[in-house]
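Colleague: Compute the structure for the input listed below.
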Amino acid sequence: MQVDLTSFPQSLDALHLILAVFAGVLLVSAILRGQSDSTEPEATEPTPQAPAPQPKTADKPVELLDTNPTSALQLLSLLQQESRFIDFVQEDLSNFGDADVGAAARVVHTGAKKVLDNYFELSPVSSQQEESRVTLEPGFNASENRLTGNVVGEAPFTGTLVHKGWKAEEVNLPKLAPGHNARVLAPAEIEL
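Modeller: Now for the predicted structure:
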């Protein structure tokens, strides 16, 4: 897909900025979900007081993995530290002009990109060009390819690649010191 940067608006309106931030949050969530998918599920025994739910069909029940929020909290902390991400998202932007919101978005973008570059190795899921025709053969990886539109029948599916997708090849978050409270995303600052 060819992108003509001169066709982009010169100012960033609040709606598009909020959509961009939301897309960033979804990206982070997808990265962290992918990271948690690679961990082994912990074996847990159901307690006698709370028996495991029985499936209503003869199918084997899906085993959901527990997630550890520490990595997500650590990532939020890094985004706050480098880009004031939480401050920006928590701010009521309705009283600011597009120029002010755009200037703030530049700071958030620069800092967030620094965090992604420093702690993640990202790559596109698809090597095809966006807007090109692609065919997904039977057995395609459904976690890497989301079908949209009129999805009927079985593979092979042929359609237009709307977005290449992203995957985390490597995650290198810093190690946490013992006793570190990951829930404190940014300490209160007191100037003396």
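
Colleague: how does this structure divide into domains?
Modeller: According to automatic domain parsing, the chain comprises the domains 11-39+68-124+166-187, 126-164.

Colleague: most neighbours per residue, which of these?
Modeller: Mean neighbour count (mean count of other CB atoms under 10 Å) peaks for domain 11-39+68-124+166-187 among those, with a mean of 15. The way it works is simple: take the backbone N, C-alpha and C, and place the C-beta from them, glycine included.

Colleague: rank the domains of the chain by mean pLDDT and give me the bottom one.
Modeller: Mean pLDDT is lowest for domain 11-39+68-124+166-187 among the domains of the chain, at a mean of 85.

Colleague: Show me the helices in the chain, by range?
Modeller: Taking DSSP state H as the criterion, the chain carries its helices at 14-37, 70-83, 85-90, 98-119.

Colleague: Contacts only, for the nearest residue to residue 172 once chain neighbours are set aside.
Modeller: Leaving aside its sequence neighbours, residue 172 sits nearest to residue 119 (CB to CB, 6 or more residues apart in numbering; 5.4 Å). Going by CB atoms under 8 Å, 6 or more residues apart in numbering, residue 119 touches 75, 78, 171, 172, 173, 174.

Colleague: need those in a markdown table with distance to residue 95, can you?
Modeller: Output for those, formatted as a markdown table (distance: CB to CB, whole Å):
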| residue | distance to residue 95 |
| --- | --- |
| 75 | 29 |
| 78 | 28 |
| 171 | 38 |
| 172 | 39 |
| 173 | 35 |
| 174 | 36 |
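
Colleague: List just the nearest of those residues to residue 151.
Modeller: Nearest to residue 151 among those, counting by CB to CB, is residue 171 at 31.2 Å.

Colleague: Could you measure from that closest one over to residue 91?
Modeller: 29 Å (CB to CB, to the nearest Å).

Colleague: With residue 78 instead?
Modeller: Residue 78 is 19 Å from residue 91, where distance means CB to CB.

Colleague: Ok, residue 181 next?
Modeller: Distance, residue 181 to residue 91, by CB to CB: 25 Å.

Colleague: before we move on, what about residue 111?
Modeller: Using CB to CB, residue 111 is found at 15 Å from residue 91.

Colleague: same check, this time on residue 152
Modeller: Taking CB to CB as the measure, residue 152 falls 44 Å from residue 91.

Colleague: what does residue 110 give?
Modeller: 17 Å.

Colleague: just residue 104 next, same as before
Modeller: From residue 104 across to residue 91, the span is 8 Å (CB to CB).

Colleague: now swap in residue 72 and tell me
Modeller: Separation of residue 72 from residue 91 (CB to CB): 21 Å.
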